[in-house]
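Undergrad: how would this look folded up:
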Amino acid sequence: MAYNLKEELNKPERFAPGHRLCAGCGAPIAVRSVLRALHEGDHAVIANATGCLEVSSFTYPYTAWEDSYIHNAFENAGATLSGVETAYRVLKKRGKLDKEETFKFIAFGGDGGTYDIGFQSLSGAMERGHDLVYVCYDNGAYMNTGIQRSSATPMYADTTTTPVGSESNGKMQNRKDLAAIIANHDVPYVAQTTYLGNFKDIHEKSEKAIYTEGSAFLNVLAPCPRGWRYETADLMEMCRLAVETCYWPLFEVEHGKWTLNYEPKQKLPIEDFLRPQGRFKHLFKKGNEDLLEQFQAEVDRRWENLQYLCNR
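TA: A predicted model of the protein is given here:
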């Protein structure tokens, strides 16, 4: 079915307004975009690792979630949803559930609960091949607990645990490429996406992930105005710049085949993405030109490697 933005926006919301997420936050847009890809009449069971999304959308007895919802500890969203999906299959096989009803299983977690603390249970769920989708809303740090660095934090970012000062230029390590790591679990579907234009890319990838049999993983760039320090109205522009500079390429891996979904007509320099963010303001001080060059070199290296994987 061809994507139609107007039709998708007219669907009933599965993530209700009234939550307490910040203005300009990317997390609720990730949730709404993914859940809109569910077909009419299908039900979802949602697992949500502790983090910004969980504490802002579920305060007992109130919830923003219209589907069945499970709050998980930081580290075990993948394990919890694996168990629920297995129980569902067993009950269905025994005839204890309505055969006409369809349930889909979707986990949401930030990069702290996905790249780091929850990686073990995520890896296990992917390796076992459970029929579920894990969605990482990647905002590049542990934002809920005070903006500490994670393994998704980009090099030279200023965080509370990698503070910029006279002896430090922020985080010294490159960020982990989690989508590539999950792709190497040999799962049916992996994709990297964010919010652009009419949301076509994230919608189509979400639908593929949900309706591809077996394990699927979506890595969604979800900017954070507090941690990144950009103007809240600039959320979509931050996503656009991430893609146009090739910091956050759009690609998918279907049964081992890598496909590049978008290639900029004119690749922008990485400084266009970094300059609007307060966490990188030190890179634009006199004498730090070599740091920007190193950042650009790393983006270029990863971009060239991705092109190779998609064209080989």
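
Undergrad: show residues contacting the least confident helix or strand in the chain by mean pLDDT.
TA: Ranking every helix and strand in the chain by mean pLDDT, DSSP states H and E puts helix 5-9 at the bottom, with a mean of 87. By CB atoms under 8 Å, 6 or more residues apart in numbering, the residues outside helix 5-9 that reach it are 36, 198, 199, 200, 203. The way it works is simple: take the backbone N, C-alpha and C, and place the C-beta from them, glycine included.

Undergrad: could you rerun that using 7 Å?
TA: With CB atoms under 7 Å, 6 or more residues apart in numbering as the test, helix 5-9 has contacts from 36, 198, 199, 203.

Undergrad: who touches the next helix or strand after it?
TA: Next helix or strand after helix 5-9 toward the C-terminus (DSSP states H and E): helix 27-36. Contacts to helix 27-36, defined as CB under 7 Å, 6+ apart, come from residues 8, 11, 13-15, 19, 21, 44, 52-53, 106, 108, 135, 137, 195, 199, 202-203, 206, 218, 220, 222.

Undergrad: rerun that using 8 Å as the cut-off
TA: Against helix 27-36 from outside (CB under 8 Å, 6+ apart): 8, 11, 13-15, 19, 21, 44, 52-53, 57, 67, 106, 108, 110, 133, 135, 137, 139, 195, 199, 202-203, 206, 209-210, 218, 220, 222, 235.

Undergrad: rewinding a little: can you mark which positions in the least confident helix or strand of the chain are buried?
TA: Within helix 5-9, the residues that qualify as buried are residue 8, counting by 16 or more other CB atoms under 10 Å.

Undergrad: quick one on the thing from earlier: quick one: buried ones out of the contacts of helix 27-36?
TA: 8, 14-15, 19, 21, 44, 52-53, 57, 67, 106, 108, 110, 133, 135, 137, 139, 195, 199, 202-203, 206, 209-210, 218, 220, 222, 235.
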